[in-house]
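Colleague: can't give you the sequence, but here's the structure:
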């Protein structure tokens, strides 16, 4: 198998759509993690939010947002938001996996990562009201300790991961951290079949722990929503 086929096979094994016993949550969101083969290796496409936005202005993230009443499932949310933000047609995305949802302390949302492949020929058309930049990062960047730092979180168990990436095409430097960095490391580790060179708050040898972690996160969500 080539690197794309190997990544798809690994990501499918990590698909968590089978877990249907989730308790209700106040608000849900989805992000699309667009993967592609570029220059012979796996990359992911990322965006920088517009300075015009009231929340998380200029933050680096994956295309995505809150679930709309018209969305049938989390995949619909991720694909709709990606089309609205960067002009990515849903038909051009091959969805291969949905990872376990994660609680975002910053936005007070339960976020579901949706992983899909796109062609490297895709030319983004960013919506200037939402996105100020679109760029790609090699997945290996998120398993290397070279540009990685981490600090303890006072809001949630575990560490906050942080990377500084310099885009070779534009020369701009981007700060990738928090939930976005966690998702990027998680996806990179699965797709490349390589554990990070640093401590990461996820037990790859026992996937069922993801469900248990989700239940604990959901308990926190429900507690917050009642305050």
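Modeller: Looks like it arrived, so ask away. Fair warning: this is a prediction, and the values are worked out from it, not measured in the lab.

Colleague: Can you name the element that comes right after the lengthiest strand in the chain?
Modeller: When the chain is scanned for its longest strand (criterion: DSSP state E), the result is strand 28-38. The element immediately downstream of strand 28-38 (helix or strand, assigned by DSSP states H and E) is strand 41-49.

Colleague: Of all the residues in that next one, which ones are buried?
Modeller: Buried positions in strand 41-49, judged by neighbour count with 16 or more other C-beta atoms under 10 Å: 42, 43, 44, 45, 46, 47, 48, 49. C-beta: built from backbone N, CA, C; applies to glycine.

Colleague: try stretch 3-11
Modeller: Buried residues in stretch 3-11 (16+ other C-beta under 10 Å): 4, 7, 8, 10, 11.

Colleague: And the average pLDDT for that stretch is what?
Modeller: On average, the pLDDT along stretch 3-11 is 95.

Colleague: likewise stretch 127-144?
Modeller: Mean predicted confidence for stretch 127-144 is 96.

Colleague: That stretch: which residues count as buried?
Modeller: Buried, per 16+ other C-beta under 10 Å, within stretch 127-144: 130-139, 141-143.

Colleague: try stretch 100-114
Modeller: Buried, per 16+ other C-beta under 10 Å, within stretch 100-114: 100, 101, 102, 103, 104, 105, 109, 110, 111, 112, 113, 114.

Colleague: what's the closest of those to residue 187?
Modeller: Distance to residue 187 across the buried residues of stretch 100-114 (C-beta to C-beta) is lowest for residue 113, with 7.0 Å.

Colleague: Against residue 89, how distant is residue 79?
Modeller: 9 Å (C-beta to C-beta, to the nearest Å).

Colleague: er, residue 197 actually
Modeller: Distance from residue 197 to residue 89, by C-beta to C-beta: 36 Å.

Colleague: quick one on the thing from earlier: residue 186: which of the buried residues of stretch 100-114 is nearest?
Modeller: Residue 186 lies nearest to residue 113 out of the buried residues of stretch 100-114, by C-beta to C-beta, at 7.5 Å.

Colleague: measure the closest one to residue 132 for me?
Modeller: Counting by C-beta to C-beta - residue 113 and residue 132 are separated by 22 Å.

Colleague: likewise residue 71?
Modeller: The separation that residue 71 has from residue 132, given C-beta to C-beta, amounts to 25 Å.

Colleague: swap in residue 92?
Modeller: Distance from residue 92 to residue 132, by C-beta to C-beta: 22 Å.

Colleague: Could I get the pLDDT score of residue 122?
Modeller: Residue 122 is given a pLDDT of 98.

Colleague: Which residue lies nearest the spatial centre of this structure?
Modeller: Most central residue of the chain, judged by C-alpha distance to the mean C-alpha position with C-alpha atoms, centre = their mean, is residue 183 at 4.2 Å.

Colleague: So which elements touch the helix or strand harbouring it?
Modeller: Assessed by DSSP H and E, residue 183 sits inside helix 178-192. The contact analysis (3 or more C-beta pairs under 8 Å, 6 or more residues apart in numbering; DSSP states H and E) places helix 178-192 against helix 3-13, strand 28-38, strand 41-49, strand 102-104, strand 109-117, strand 159-166.

Colleague: What is the shortest one packed up against?
Modeller: Helices and strands touching strand 102-104, by 3+ C-beta pairs under 8 Å, 6+ apart, are strand 109-117, helix 178-192, helix 208-225.
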